[in-house]
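Undergrad: Kindly return the folded structure for what I paste below:
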Amino acid sequence: MRKWAAYLLCFLSLALLGISGHFLADYAKQEEKADILQEQLKEIYENQKEETKEKPRQDEEEQNLIHEGLLALHEKNKDCIGWLTIPDTLIDYPVMYHPEEVNYYLKRDFFREYSANGSLFLSENCSLKDCDNLIIYGHHMNSGKMFAALEGYRERKFFKEHPFIFFNTLQGEEKYQVFAVFSTPVYTGSDFAYYTFTKAENRKSYETFIEAVKERSFYDTGITADYGEKLLTLSTCEYSQENGRLVVVAKKIAEKEITK
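TA: The predicted model follows:
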(Lines give C-alpha, C1' and ligand atoms only; values in the text may rest on other atoms or scores of the structure.)
Protein backbone atom coordinates (compact mmCIF):
# COMPACT_ATOMS: atom_id res chain seq x y z
CA MET A 1 0.00 0.00 0.00
CA ARG A 2 2.83 2.32 0.84
CA LYS A 3 4.40 1.67 -2.55
CA TRP A 4 1.15 2.49 -4.35
CA ALA A 5 0.74 5.60 -2.19
CA ALA A 6 4.22 6.74 -3.19
CA TYR A 7 3.41 6.13 -6.87
CA LEU A 8 0.15 8.04 -6.50
CA LEU A 9 1.86 10.96 -4.77
CA CYS A 10 4.50 11.08 -7.48
CA PHE A 11 1.84 10.99 -10.19
CA LEU A 12 -0.14 13.81 -8.56
CA SER A 13 2.99 15.91 -8.15
CA LEU A 14 3.89 15.48 -11.81
CA ALA A 15 0.33 16.30 -12.82
CA LEU A 16 0.36 19.48 -10.74
CA LEU A 17 3.68 20.49 -12.24
CA GLY A 18 2.28 19.91 -15.69
CA ILE A 19 -0.83 21.97 -14.97
CA SER A 20 1.24 24.78 -13.43
CA GLY A 21 3.57 24.75 -16.42
CA HIS A 22 0.60 24.93 -18.76
CA PHE A 23 -0.87 27.94 -16.96
CA LEU A 24 2.48 29.72 -16.83
CA ALA A 25 3.04 29.13 -20.52
CA ASP A 26 -0.48 30.33 -21.31
CA TYR A 27 0.03 33.44 -19.17
CA ALA A 28 3.33 34.21 -20.90
CA LYS A 29 1.66 33.78 -24.27
CA GLN A 30 -1.17 36.15 -23.30
CA GLU A 31 1.31 38.75 -22.03
CA GLU A 32 3.29 38.55 -25.25
CA LYS A 33 0.09 38.97 -27.26
CA ALA A 34 -0.91 41.98 -25.15
CA ASP A 35 2.52 43.58 -25.57
CA ILE A 36 2.45 43.15 -29.34
CA LEU A 37 -1.05 44.60 -29.57
CA GLN A 38 -0.12 47.60 -27.43
CA GLU A 39 2.88 48.33 -29.62
CA GLN A 40 0.72 48.13 -32.73
CA LEU A 41 -1.90 50.49 -31.27
CA LYS A 42 0.73 52.91 -30.05
CA GLU A 43 2.39 52.94 -33.45
CA ILE A 44 -0.91 53.80 -35.13
CA TYR A 45 -1.60 56.50 -32.55
CA GLU A 46 1.82 58.14 -32.63
CA ASN A 47 2.70 57.84 -36.31
CA GLN A 48 -0.40 59.58 -37.59
CA LYS A 49 0.21 63.24 -38.26
CA GLU A 50 -1.68 65.48 -35.83
CA GLU A 51 -3.63 68.06 -37.78
CA THR A 52 -6.35 70.56 -37.06
CA LYS A 53 -9.79 69.12 -37.61
CA GLU A 54 -12.64 71.56 -37.56
CA LYS A 55 -15.16 70.27 -35.09
CA PRO A 56 -17.68 72.89 -33.89
CA ARG A 57 -18.60 72.83 -30.23
CA GLN A 58 -22.17 73.19 -29.11
CA ASP A 59 -21.91 76.98 -29.31
CA GLU A 60 -20.62 76.58 -32.90
CA GLU A 61 -17.98 79.21 -32.27
CA GLU A 62 -14.98 77.36 -30.85
CA GLN A 63 -13.11 74.63 -32.68
CA ASN A 64 -11.02 71.81 -31.29
CA LEU A 65 -7.99 69.78 -32.25
CA ILE A 66 -8.61 66.10 -32.84
CA HIS A 67 -5.63 63.76 -32.88
CA GLU A 68 -5.29 61.99 -36.22
CA GLY A 69 -3.95 58.85 -34.53
CA LEU A 70 -7.03 58.65 -32.34
CA LEU A 71 -9.27 59.00 -35.37
CA ALA A 72 -7.38 56.13 -37.01
CA LEU A 73 -7.94 53.91 -33.96
CA HIS A 74 -11.60 54.95 -33.79
CA GLU A 75 -11.99 53.76 -37.37
CA LYS A 76 -10.71 50.34 -36.37
CA ASN A 77 -13.04 50.13 -33.37
CA LYS A 78 -15.76 52.71 -32.77
CA ASP A 79 -15.56 51.98 -29.04
CA CYS A 80 -12.14 53.66 -28.89
CA ILE A 81 -12.93 57.19 -27.73
CA GLY A 82 -9.66 58.38 -26.23
CA TRP A 83 -6.01 57.90 -25.35
CA LEU A 84 -4.82 58.37 -21.76
CA THR A 85 -1.24 59.25 -20.87
CA ILE A 86 0.58 59.96 -17.62
CA PRO A 87 4.10 61.01 -18.71
CA ASP A 88 7.05 58.94 -17.49
CA THR A 89 4.85 56.00 -16.48
CA LEU A 90 3.59 52.88 -18.27
CA ILE A 91 0.12 54.45 -18.46
CA ASP A 92 -0.13 55.22 -22.17
CA TYR A 93 -3.18 53.39 -23.48
CA PRO A 94 -6.33 53.74 -25.57
CA VAL A 95 -9.58 54.18 -23.65
CA MET A 96 -12.67 52.22 -24.66
CA TYR A 97 -16.35 53.01 -24.17
CA HIS A 98 -19.19 50.51 -24.51
CA PRO A 99 -22.20 51.90 -22.61
CA GLU A 100 -24.48 49.09 -23.78
CA GLU A 101 -22.89 46.61 -21.35
CA VAL A 102 -21.41 47.02 -17.87
CA ASN A 103 -17.63 46.38 -17.65
CA TYR A 104 -17.56 45.18 -21.25
CA TYR A 105 -13.80 45.77 -21.61
CA LEU A 106 -12.84 44.45 -18.19
CA LYS A 107 -11.49 41.27 -19.81
CA ARG A 108 -11.40 42.31 -23.46
CA ASP A 109 -8.65 43.89 -25.53
CA PHE A 110 -8.95 46.56 -28.22
CA PHE A 111 -10.36 44.07 -30.72
CA ARG A 112 -12.83 42.61 -28.19
CA GLU A 113 -10.90 39.38 -27.72
CA TYR A 114 -10.31 37.85 -24.28
CA SER A 115 -7.46 39.44 -22.35
CA ALA A 116 -6.54 39.11 -18.69
CA ASN A 117 -5.18 42.66 -18.86
CA GLY A 118 -8.44 43.97 -20.25
CA SER A 119 -8.50 47.58 -21.46
CA LEU A 120 -8.84 50.98 -19.90
CA PHE A 121 -12.51 51.88 -20.23
CA LEU A 122 -14.83 54.76 -19.50
CA SER A 123 -17.71 54.01 -17.16
CA GLU A 124 -20.95 53.23 -18.96
CA ASN A 125 -22.58 55.92 -16.79
CA CYS A 126 -20.43 58.64 -18.33
CA SER A 127 -20.64 60.73 -21.47
CA LEU A 128 -17.73 62.61 -23.01
CA LYS A 129 -19.92 65.52 -24.04
CA ASP A 130 -21.86 66.41 -20.90
CA CYS A 131 -20.28 64.62 -17.93
CA ASP A 132 -18.92 66.50 -14.91
CA ASN A 133 -16.77 63.56 -13.84
CA LEU A 134 -15.26 61.08 -16.30
CA ILE A 135 -14.53 57.78 -14.55
CA ILE A 136 -11.98 55.47 -16.15
CA TYR A 137 -11.30 51.95 -14.88
CA GLY A 138 -8.26 49.76 -15.41
CA HIS A 139 -6.69 46.64 -13.88
CA HIS A 140 -3.88 46.81 -11.36
CA MET A 141 -1.61 44.22 -12.99
CA ASN A 142 1.28 42.58 -11.13
CA SER A 143 3.33 43.09 -14.29
CA GLY A 144 3.10 46.85 -13.75
CA LYS A 145 0.84 47.34 -16.76
CA MET A 146 -2.51 49.07 -17.14
CA PHE A 147 -3.27 51.14 -14.00
CA ALA A 148 -0.64 49.58 -11.72
CA ALA A 149 1.43 52.79 -11.85
CA LEU A 150 -1.34 54.65 -9.99
CA GLU A 151 0.03 52.97 -6.87
CA GLY A 152 2.84 55.51 -6.99
CA TYR A 153 0.43 58.31 -6.11
CA ARG A 154 0.35 57.05 -2.54
CA GLU A 155 3.54 59.06 -2.12
CA ARG A 156 3.62 62.85 -2.33
CA LYS A 157 6.95 62.71 -4.18
CA PHE A 158 5.39 60.73 -7.03
CA PHE A 159 2.48 63.17 -7.17
CA LYS A 160 4.84 66.12 -7.52
CA GLU A 161 6.74 64.34 -10.28
CA HIS A 162 3.55 63.31 -12.13
CA PRO A 163 1.02 66.12 -11.56
CA PHE A 164 -0.67 65.99 -14.95
CA ILE A 165 -2.79 63.51 -16.89
CA PHE A 166 -3.40 63.92 -20.62
CA PHE A 167 -6.59 62.61 -22.16
CA ASN A 168 -6.96 62.91 -25.92
CA THR A 169 -10.60 62.38 -26.91
CA LEU A 170 -12.89 62.78 -29.88
CA GLN A 171 -13.76 66.14 -28.33
CA GLY A 172 -10.14 67.27 -28.41
CA GLU A 173 -7.09 67.16 -26.15
CA GLU A 174 -7.72 67.56 -22.43
CA LYS A 175 -5.21 68.20 -19.67
CA TYR A 176 -5.96 67.37 -16.03
CA GLN A 177 -4.19 68.17 -12.78
CA VAL A 178 -4.26 65.63 -9.94
CA PHE A 179 -5.60 67.02 -6.66
CA ALA A 180 -6.58 63.99 -4.53
CA VAL A 181 -5.59 60.34 -4.10
CA PHE A 182 -7.31 57.89 -1.77
CA SER A 183 -8.29 54.28 -1.25
CA THR A 184 -11.67 52.92 -0.22
CA PRO A 185 -13.60 49.64 -0.10
CA VAL A 186 -16.48 49.34 -2.56
CA TYR A 187 -19.81 47.55 -2.72
CA THR A 188 -19.96 47.12 1.05
CA GLY A 189 -23.26 48.92 1.48
CA SER A 190 -21.63 51.72 3.45
CA ASP A 191 -18.67 52.71 1.28
CA PHE A 192 -17.88 56.03 -0.39
CA ALA A 193 -19.63 55.60 -3.74
CA TYR A 194 -17.31 57.85 -5.77
CA TYR A 195 -18.21 55.77 -8.82
CA THR A 196 -21.78 57.08 -8.87
CA PHE A 197 -20.84 60.75 -9.16
CA THR A 198 -20.82 61.57 -12.86
CA LYS A 199 -22.93 64.71 -13.05
CA ALA A 200 -23.47 67.38 -10.39
CA GLU A 201 -27.07 68.25 -9.70
CA ASN A 202 -26.00 71.67 -8.44
CA ARG A 203 -23.13 73.55 -6.82
CA LYS A 204 -23.74 71.92 -3.44
CA SER A 205 -23.55 68.35 -4.76
CA TYR A 206 -20.32 69.18 -6.61
CA GLU A 207 -18.70 70.80 -3.59
CA THR A 208 -19.84 67.95 -1.33
CA PHE A 209 -18.10 65.46 -3.61
CA ILE A 210 -14.89 67.51 -3.73
CA GLU A 211 -14.88 67.82 0.05
CA ALA A 212 -15.38 64.07 0.48
CA VAL A 213 -12.56 63.31 -1.94
CA LYS A 214 -10.11 65.70 -0.30
CA GLU A 215 -10.95 64.46 3.20
CA ARG A 216 -9.98 60.93 2.16
CA SER A 217 -6.83 61.94 0.31
CA PHE A 218 -3.55 60.42 1.53
CA TYR A 219 -2.09 63.94 1.71
CA ASP A 220 -3.05 67.53 1.06
CA THR A 221 -1.99 68.44 -2.47
CA GLY A 222 -2.74 72.12 -1.92
CA ILE A 223 -5.06 71.98 -4.93
CA THR A 224 -8.83 71.92 -5.11
CA ALA A 225 -11.55 72.02 -7.77
CA ASP A 226 -14.21 74.68 -8.15
CA TYR A 227 -17.78 74.20 -9.28
CA GLY A 228 -17.93 73.98 -13.06
CA GLU A 229 -14.46 72.46 -13.49
CA LYS A 230 -14.58 69.09 -15.23
CA LEU A 231 -13.20 66.12 -13.28
CA LEU A 232 -11.35 62.95 -14.24
CA THR A 233 -11.33 59.94 -11.90
CA LEU A 234 -9.01 56.97 -12.42
CA SER A 235 -9.90 53.81 -10.49
CA THR A 236 -8.08 50.51 -10.01
CA CYS A 237 -7.99 47.62 -7.54
CA GLU A 238 -6.20 48.04 -4.21
CA TYR A 239 -5.23 44.97 -2.19
CA SER A 240 -4.74 46.17 1.39
CA GLN A 241 -8.46 45.71 2.07
CA GLU A 242 -11.32 43.60 0.81
CA ASN A 243 -12.82 45.00 -2.41
CA GLY A 244 -10.38 47.90 -2.16
CA ARG A 245 -9.97 50.57 -4.80
CA LEU A 246 -7.20 53.11 -5.35
CA VAL A 247 -8.61 56.32 -6.78
CA VAL A 248 -6.90 59.32 -8.38
CA VAL A 249 -8.99 62.43 -8.97
CA ALA A 250 -7.95 65.32 -11.22
CA LYS A 251 -9.49 68.50 -12.61
CA LYS A 252 -9.38 69.79 -16.16
CA ILE A 253 -7.14 72.78 -16.77
CA ALA A 254 -6.06 74.83 -19.76
CA GLU A 255 -3.05 73.48 -21.63
CA LYS A 256 -0.70 76.17 -20.30
CA GLU A 257 -2.30 76.50 -16.89
CA ILE A 258 -0.43 75.25 -13.84
CA THR A 259 -2.15 75.55 -10.48
CA LYS A 260 0.16 75.69 -7.44
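
Undergrad: residue boundaries of the strands in the stretch 1-150 of the chain?
TA: For the stretch 1-150 of the chain, applying DSSP state E, counting those that start in this stretch gives strands covering 80-85, 92-96, 120-122, 133-137.

Undergrad: Now distance to I44 too, for the ones you listed, in JSON lines please.
TA: C-beta: built from backbone N, CA, C; applies to glycine. Below are the strands of the stretch 1-150 of the chain laid out as JSON lines (distance: least, CB to CB, whole Å):
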{"stretch": "strand 80-85", "distance to I44": "10"}
{"stretch": "strand 92-96", "distance to I44": "9"}
{"stretch": "strand 120-122", "distance to I44": "16"}
{"stretch": "strand 133-137", "distance to I44": "20"}
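
Undergrad: among those strands, which is nearest Y195?
TA: strand 133-137 (6.0 Å; CB to CB).

Undergrad: Which positions in the very next helix or strand once past the closest one come out as buried?
TA: Along the chain past strand 133-137, the next helix or strand (assigned with DSSP states H and E) turns out to be helix 156-161. For helix 156-161, the neighbour count (16 or more other CB atoms under 10 Å) marks F158, F159 as buried.

Undergrad: by how many degrees do the longest strand anywhere in the chain and strand 80-85 diverge?
TA: Counting by DSSP state E, the longest strand found in the chain is strand 172-185. Strand 172-185 and strand 80-85 are oriented at 70 degrees to each other (axes from the mean of the first three to the mean of the last three CA atoms, to 10 degrees).

Undergrad: Each with direction, which strands does strand 172-185 pair with?
TA: Here strand 172-185 has these sheet partners by DSSP bridges: strand 164-169 (antiparallel), strand 244-253 (antiparallel).

Undergrad: For it, buried residues please.
TA: 172-184.

Undergrad: if we can go back for a sec, I'd like the strands paired with strand 172-185 laid out as CSV, including distance to E201, mean pLDDT and mean neighbour count.
TA: Compiled in CSV, the strands paired with strand 172-185 are given as follows (distance: least, CB to CB, whole Å; pLDDT from 0 to 100; neighbours: other CB atoms under 10 Å):
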stretch, distance to E201, mean pLDDT, mean neighbour count
strand 164-169, 24, 97, 20
strand 244-253, 19, 97, 22
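
Undergrad: Kindly reformat the ones you listed as TSV containing distance to D35.
TA: Listed next are the strands paired with strand 172-185 as TSV, based on distance: least, CB to CB, whole Å:
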stretch	distance to D35
strand 164-169	22
strand 244-253	24
